[in-house]
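[1] Sharing a model that was predicted from the sequence below.
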Protein chains: 2
Amino acid sequence: MLTLFHSPLSSASRFIRLILGEYSINTQLIEEHEWARRHEFLALNPAGNVPVLLSEQEVPLSGAIVIYEYLDETHGSLRQEKKLFPENPLDRAEVRRLNDWFLNKFENEATRHIVRERIYKREIPLAIGGGAPNSQILRNARANILPHMNYLNWLCASRDWLVGFELSYADLAAAATISVLDFLGEIDWAQCPAAKDWYMRIKSRPSFRPLLTDRIRGIVASPHYADLDF
Amino acid sequence: MLTLFHSPLSSASRFIRLILGEYSINTQLIEEHEWARRHEFLALNPAGNVPVLLSEQEVPLSGAIVIYEYLDETHGSLRQEKKLFPENPLDRAEVRRLNDWFLNKFENEATRHIVRERIYKREIPLAIGGGAPNSQILRNARANILPHMNYLNWLCASRDWLVGFELSYADLAAAATISVLDFLGEIDWAQCPAAKDWYMRIKSRPSFRPLLTDRIRGIVASPHYADLDF
């Protein structure tokens, strides 16, 4: 069986969980606190970040981009007509561009800071950076959400799925990121109706269900988080 | 013909130039200053960063990861036995992990800051962040070079190439990053003899020659930068 070291509020971890769900790959989940820099975890991934997937051969695969390309190469072809990568190299390039956009750019400009300030800093010892949220960082990160949501809304307004005519990795990457912010009640859905319609469709997929039932110690999800019709 | 929007001191741009050289793909180069946020360039890549490759169909491909996967899919199979990706999915995953390590992690922890403080801030107007280098940022970035070089040295000490038994994208990604720091004289080669031996081999490849003859306005390369035996 595969093992995934993940964190419930990590967009990259959620992206991999969604893919494992789409491929119906049974996986053991182990929750990892990146900030704790656990010795055994650093031995698996010297970069210290989640997700890390242990392959059947117990080889560690580190980082969302590495893991999804590996899962596509080893499991993607089994999905026959329901592949998560389009066939055309230019469409595949667009999927990869959007994966990077949502998992790295959106993450680094907004999500990561909001999760750290609102959630992790309550758990991190004071001596290594824990404590009260920094309101300036929170304000800057929140200001960055709207342009990203506008971009997503624009993409969703012109077609059913983000690239091509089928669900692809790009939809899962975007939904993973959005789901973290939605869990925390940080998304103003009234501003982006096309994105909302798209997100409702993704949220209804069986692969999404485990994310909606995540319970995170000491945190209450936003009221509509698990509603399929919100 | 393909067109590459690049910047001479961008590791990611150099990585793509090396691949284009290895594949002997004739490409028109256009130098782009990311910090200028040129309107026509943002229309090609809303993220605003180099490299951007215009495909034969004039479709823009943005970012090193997107571009090299595209070049591999469209040109890699033409190289027959001299492919830049190993066949085994686990080895391919290791190539992708190291690409991310050198092009993103090393870049964000060291190279990017050094290039910005030492070079770009002389060109950027004061009003948008130009001016004298911030010595604290420079000091922190420089302190991060050694652990990365130690890691590279450790990888190089156990084998000829970074992954498997042949040159791969991982070698080109690492060499691209190192070449920027070496141009600026920021690498203490005496500390990492195995990495030096590896770098000398990469530097001698024909694909590397255009990088060694880059002339960048107002900057003199470190004395040994273009020496194949340094």
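    That came in fine, so what should we check first?
[2] what's the helix ranked longest in chain A packed up against?
    Taking DSSP state H as the criterion, chain A has its longest helix at helix A:135-158. The helices and strands touching helix A:135-158, judged by 3 or more C-beta pairs under 8 Å, 6 or more residues apart in numbering or on different chains; DSSP states H and E, are helix A:112-115, helix A:169-183, helix A:193-203. Just so you know, the C-beta spots here come from the backbone N, C-alpha and C atoms, and that holds for glycine as well.
[3] okay, those helices, which one's buried deepest?
    Across the helices and strands packed on helix A:135-158, averaging neighbours per residue (mean count of other C-beta atoms under 10 Å in any protein chain shown) puts helix A:169-183 on top, at a mean of 26.
[4] Report all helices and strands that that helix contacts.
    Taking 3+ C-beta pairs under 8 Å, 6+ apart as the contact cut, helix A:169-183 packs with helix A:11-22, helix A:64-75, helix A:89-100, helix A:135-158, helix A:193-203.
[5] Next, format those helices as TSV and append distance to B:A12.
    Formatted as TSV, those follow (distance: least, C-beta to C-beta, whole Å):
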stretch	distance to B:A12
helix A:11-22	20
helix A:64-75	14
helix A:89-100	12
helix A:135-158	22
helix A:193-203	29
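[6] who wins for proximity to B:N134 among those?
    Nearest to B:N134, of all these, is helix A:135-158, at 19.4 Å by C-beta to C-beta.
[7] and the longest helix of chain A, which residues are buried?
    Applying a neighbour-count criterion of 16 or more other C-beta atoms under 10 Å in any protein chain shown, the buried positions in helix A:135-158 are A:L138, A:A141, A:N144, A:I145, A:H148, A:M149, A:Y151, A:L152, A:N153, A:L155, A:C156.
[8] wait, doesn't the fourth one sit right on A:W189?
    This points to A:I145. No: contact criterion C-beta atoms under 8 Å: A:I145 and A:W189 do not qualify, at 11.8 Å.
[9] if we can go back for a sec, so how far is the longest helix of chain A off the chain centroid?
    Relative to its chain's centre, helix A:135-158 lies at 16 Å (C-alpha atoms, centre = their mean, to the nearest Å).
[10] got the contact list for that helix?
    Residues from elsewhere that reach helix A:135-158 (C-beta atoms under 8 Å, 6 or more residues apart in numbering or on different chains): A:98, A:106, A:109-114, A:117-118, A:162, A:174, A:178, A:181, A:186-188, A:191-195, A:197-198, B:46.
[11] so can I have TSV of the helices and strands packed on helix A:135-158 showing mean pLDDT?
    Output for the helices and strands packed on helix A:135-158, formatted as TSV (pLDDT from 0 to 100):
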stretch	mean pLDDT
helix A:112-115	96
helix A:169-183	97
helix A:193-203	96
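[12] Could you chop chain A up by domain?
    A:2-78, A:89-212 (automatic domain parsing).
[13] need these in TSV with distance to B:I216, can you?
    Compiled in TSV, the domains of chain A are given as follows (distance: least, C-beta to C-beta, whole Å):
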stretch	distance to B:I216
domain A:2-78	30
domain A:89-212	27
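[14] What is the burial count for A:Y23?
    By the criterion of other C-beta atoms under 10 Å in any protein chain shown, A:Y23 has 18 neighbours.
[15] surely it meets A:Y70?
    No: with contact defined as C-beta under 8 Å, A:Y23 does not reach A:Y70; the gap is 11.8 Å.
[16] Would you mind listing what in chain A touches chain B?
    The interface of chain A toward chain B, taken as C-beta under 8 Å from any C-beta of the partner chain, is made up of A:46-47, A:55, A:57, A:59, A:61-63, A:65-67, A:69-70, A:73-74, A:89-90, A:92-93, A:96-97, A:100-101, A:104-105, A:151.
[17] Sort out which of those residues are buried, if you could.
    A:55, A:61-63, A:65-67, A:69-70, A:74, A:89, A:92-93, A:96-97, A:100-101, A:104-105, A:151.
[18] Pass me the low-pLDDT residue ranges in chain A, would you?
    Residues of chain A meeting the criterion pLDDT under 70: A:81.
[19] what's near enough to touch A:R92?
    A:F85, A:P86, B:E69, B:Y70, B:E73.
[20] what about the second one, is that helix, strand or coil?
    Just to be clear, that refers to A:P86. coil (DSSP: H, G, I helix; E, B strand; the rest coil).
[21] I figured it hits A:V95, correct?
    Yes: taking contacts as C-beta under 8 Å, A:P86 lies within contact range of A:V95: 6.7 Å.
[22] Looking at those two, which is more packed in?
    Remark: of A:P86 and A:V95, A:V95 carries more neighbours, 24 against 20, as counted by other C-beta under 10 Å.
[23] Contact partners for the more buried one?
    Per C-beta under 8 Å, 6+ apart, neighbours of A:V95: A:F85, A:P86, A:L162, A:V163, A:S168, A:Y169, A:A170.
[24] how near is the nearest residue to it once chain neighbours are set aside to chain B?
    Once flanking residues are discounted, A:V95 sits nearest to A:A170: 4.5 Å by C-beta to C-beta, 6 or more residues apart in numbering or on different chains. Separation of A:A170 from chain B (C-beta to the nearest C-beta, to the nearest Å): 12 Å.
[25] again with A:S11
    Taking C-beta to the nearest C-beta as the measure, A:S11 falls 16 Å from chain B.
[26] residue contacts, that residue?
    With C-beta under 8 Å, 6+ apart as the criterion, the residues that contact A:S11 are A:F102, A:L103, A:F106, A:E107, A:T111, A:A173, A:A176, A:T177, A:S179, A:V180.
[27] so what's it closest to, chain neighbours aside?
    Excluding the flanking residues, the one nearest A:S11 by C-beta to C-beta, 6+ apart is A:T177, at 4.2 Å.
[28] Is it correct that the one you found is in contact with A:L103?
    Yes: in this structure, A:T177 is within contact of A:L103 by C-beta under 8 Å, at 6.7 Å.
[29] Identify the contacts common to the two.
    Counting by C-beta under 8 Å, 6+ apart, the residues touching both A:T177 and A:L103 are A:S11, A:F15.
[30] Around A:D227, how many other residues sit close by?
    Residues lying near A:D227 (other C-beta under 10 Å) number 11.
[31] Contact partners for the nearest residue to A:S62 once chain neighbours are set aside?
    In this structure, A:S62 finds its nearest non-sequential neighbour in A:N45, 4.0 Å apart by C-beta to C-beta, 6+ apart. Residues near A:N45 by C-beta under 8 Å, 6+ apart: A:F5, A:V52, A:P60, A:S62, A:G63.
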